[in-house]
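J.: The following comprises the amino acid sequence and a computationally predicted model.
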Amino acid sequence: MPDLMIFLSKSLLGWLVIQSCLTLIFLWYLRSYKPQSLPDEKLPKTAVILCLRGADPFLHNCLRSLLQQNYPQYDLKLIIDSQEDPALKIASETINELGATNVQINILRAVSYNRSLKCSSLIQAVSDLDNAYPVIAFIDADTVVHPNWLRELVTPLLDDKVGLTTGNRWYVPTGNYWGSLVRYSGNVSTVVQMFLFQIPWGGTLAIKTEVLNRIKLLDKWGEVLTDDMLLHKLIKQQKLQIKFIPSLLMLNQEESSLSNLLESLKRLIISSKLYHPGWLAIISEAYSSIVVPNLVIIIIFYLLLQSQWYAGFLLFSSYISYTIGLVLLMLLMEVSIHHILHNQGKKIPKLSPLIILKMLIAIPFTQWIYGLIIISSFWTSSITWRGITYRIQGRENIRLIEYRPYQWLDQPIDPKASL
């Protein structure tokens, strides 16, 4: 037992050191990145594609921000799931309110049963484009952008070595639900991981049209579940760079209950299992960040039951030091990203001592939830995504079980809750 305790203590603190180093590399990149500034005439005409199913809590804000971009030539292309979809009313009202003329609404014409609805919408949107757009940008409905979003997203693509640009989302830890706090806690490490593995995020992404055609992306989308994670391999095969833009860390203030979070995490983990280029590395990371801490908790309880108070206290001290270290890393990330969000004009709630205490509690809670979902992913064969169930039998073996239009009655009761 003493040897096991020493091993676990060293494993905890060693993994904390590794996480600290990786986080500092990410933060160094944030601070050292120097954005380019180009005149309007050098920026290519761009199509911005947004696929909608259901009225996301901040959809009106998302559309307003997209239609007020500081960019010379761009068109917004909306693909809405059906005529009955509540997003159609919000989109039409927002366009009329602003008097926008550079936006087009189309309804999804055909539902394919061997891919996700989002991929069907993306294929239709891209296929309908003419040759006037050298660049195509993609965004999700939960993303509210700042006025320079498109300019900052497209500019690096003028470098011949860059094939794709992307950002990422940043949640707030001040929500009313524990699901929101667990999602925040998990996302802190996910942001760093996606940066290190160069995994694009479909919520803010731009690609050269020529590259999109070269990698035959529409064919790939024709038989998969998710649209963004598989892009890493396709872009790297062309010996092109994937550029993460720090100023495109986008604030997300939606709420999430634990039940909604579990379903979205299940989709994320299964998508990672299918398409993530470093899935084995994720499993290794899960051992260090989930298995070891939980094993430490189990042994602490065992020692206390055996009245081995001193040994239990020593191991508990290691665990608490590890957890406090993770909270400090989260706070360091929070402070650094607050600076970026402040430059975007975003108002971020301040962290109270109560929220910091909740973050301390949320860390083991997050480890348990992620651990259970990763384990269950090895036998899970179906997921539910915005009211649609998909059966998953392989990377390119996706089956949509039954389609039905999204209705107003499907909207969450809480107006800020994620769909």
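T.: Perfect, I can see it now. Numbering: from 1, shown residues only.
J.: domain assignment for the chain?
T.: 2-26+280-382, 43-268 (automatic domain parsing).
J.: TSV for these, including distance to W408?
T.: (C-beta placed from N, C-alpha, C; glycine too.) Converted to TSV, these look like this (distance: least, C-beta to C-beta, whole Å):
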stretch	distance to W408
domain 2-26+280-382	26
domain 43-268	5
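J.: Point out the most buried one among these.
T.: Mean neighbour count (mean count of other C-beta atoms under 10 Å) peaks for domain 43-268 among those, with a mean of 19.
J.: wait, what's in contact with G186?
T.: Counting by C-beta atoms under 8 Å, 6 or more residues apart in numbering, G186 makes contact with 265, 366, 369-370.
J.: ok, back up a step: mind checking which of the domains of the chain is nearest R395?
T.: Each of those was scored for nearness to R395 using C-beta to C-beta, and the closest is domain 43-268 (7.2 Å).
J.: Any idea how far apart the tips of that closest one sit?
T.: 34 Å (C-alpha to C-alpha, to the nearest Å).
J.: that older thread, looking at the domains of the chain, which one has the lowest mean pLDDT?
T.: Lowest mean pLDDT within the domains of the chain: domain 2-26+280-382, at a mean of 88.
J.: Distance from the chain centre to it, please.
T.: Centroid displacement of domain 2-26+280-382 relative to its chain, using C-alpha atoms, centre = their mean, to the nearest Å, is 20 Å.
J.: State the helix or strand in which I242 lies.
T.: Element membership of I242, judged by DSSP states H and E, is strand 241-252.
J.: Remind me what that strand packs against, helices and strands.
T.: Strand 241-252 is packed against helix 2-32, helix 149-154, strand 162-171, helix 178-197, helix 231-237, helix 309-343, with contacts defined by 3 or more C-beta pairs under 8 Å, 6 or more residues apart in numbering; DSSP states H and E.
J.: of all those, which lies closest to D142?
T.: Using C-beta to C-beta, those put strand 162-171 closest to D142, at 7.6 Å.
J.: packing partners for the closest one?
T.: helix 149-154, helix 178-197, strand 204-208, helix 231-237, strand 241-252.
J.: Kindly recompute the last result at 7 Å.
T.: If you count contacts as 3 or more C-beta pairs under 7 Å, 6 or more residues apart in numbering; DSSP states H and E, strand 162-171 packs onto helix 178-197, strand 204-208, helix 231-237, strand 241-252.
J.: Could you export the ones you listed as TSV, including distance to K10?
T.: Output for the helices and strands packed on strand 162-171, formatted as TSV (distance: least, C-beta to C-beta, whole Å):
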stretch	distance to K10
helix 178-197	21
strand 204-208	39
helix 231-237	33
strand 241-252	33
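J.: among these, which is nearest I340?
T.: Across those, closest to I340 is strand 241-252 (C-beta to C-beta), at 5.4 Å.
J.: in its sheet, what does the closest one sit against?
T.: Note on strand 241-252: by DSSP bridges, its sheet partners are strand 162-171 (parallel).
J.: ok, residues contacting the helix or strand just after the strand holding I242?
T.: Counting by DSSP H and E, the element after strand 241-252 in chain order, helix or strand, is helix 258-275. If you take C-beta atoms under 7 Å, 6 or more residues apart in numbering as the criterion, helix 258-275 is touched by 178-179, 182-183, 225-226, 229-230, 279, 282, 369, 373-374, 377, 380, 383-385, 392, 395, 417-418.
J.: From G345, how far out is S189?
T.: 27 Å (C-beta to C-beta, to the nearest Å).
J.: now do the same end-to-end measure for stretch 39-53.
T.: 36 Å.
J.: and it, how far from the chain's centre?
T.: Per C-alpha atoms, centre = their mean, the centroid offset for stretch 39-53 relative to its chain is 21 Å.
J.: Backbone dihedrals for the nearest residue to K42 once chain neighbours are set aside, please?
T.: Closest residue to K42 apart from its sequence neighbours, by C-beta to C-beta, 6 or more residues apart in numbering: L158 at 6.9 Å. Reported as degrees, to the nearest 10, the phi and psi values for L158 are phi -70, psi -10.
J.: what about L158, distance to S127?
T.: To S127, L158 is 25 Å away according to C-beta to C-beta.
J.: Then V103?
T.: In terms of C-beta to C-beta, V103 sits 18 Å off from S127.
J.: go on, T166?
T.: On the measure of C-beta to C-beta, T166 and S127 end up 22 Å apart.
J.: S112 now?
T.: 13 Å.
J.: again, but for Y319
T.: 54 Å.
J.: rewinding a little: ok, the contacts of G186 vs D219, which is closest?
T.: Closest to D219, out of all of the contacts of G186 and judged by C-beta to C-beta, is L265, at 29.1 Å.
J.: for stretch 73-92, the distance to its chain's centre please.
T.: On C-alpha atoms, centre = their mean, the centre of stretch 73-92 falls 22 Å from the chain's centre.
J.: re the thing from before, which stretch among the helices and strands packed on strand 162-171 comes nearest Y71?
T.: Across those, closest to Y71 is strand 204-208 (C-beta to C-beta), at 11.4 Å.
J.: Pull the closest one out as PDB, backbone CA atoms only.
T.: Provided in PDB are the C-alpha atoms of strand 204-208 (Å, rounded to 0.1, in the frame of the first residue of the first chain):
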ATOM      1  CA  THR A 204     -15.900  29.400 -36.400                       C
ATOM      2  CA  LEU A 205     -14.100  28.100 -39.400                       C
ATOM      3  CA  ALA A 206     -13.000  29.200 -42.900                       C
ATOM      4  CA  ILE A 207     -11.500  27.300 -45.800                       C
ATOM      5  CA  LYS A 208     -10.400  28.200 -49.200                       C
END
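J.: What are the contacting residues of that strand?
T.: By C-beta under 7 Å, 6+ apart, strand 204-208 touches 134-139, 143, 153-154, 157, 163-167, 228, 248, 250.
J.: Now do that strand and strand 241-252, the angle between them.
T.: For strand 204-208 against strand 241-252, the angle by axes from the mean of the first three to the mean of the last three C-alpha atoms, to 10 degrees is 150 degrees.
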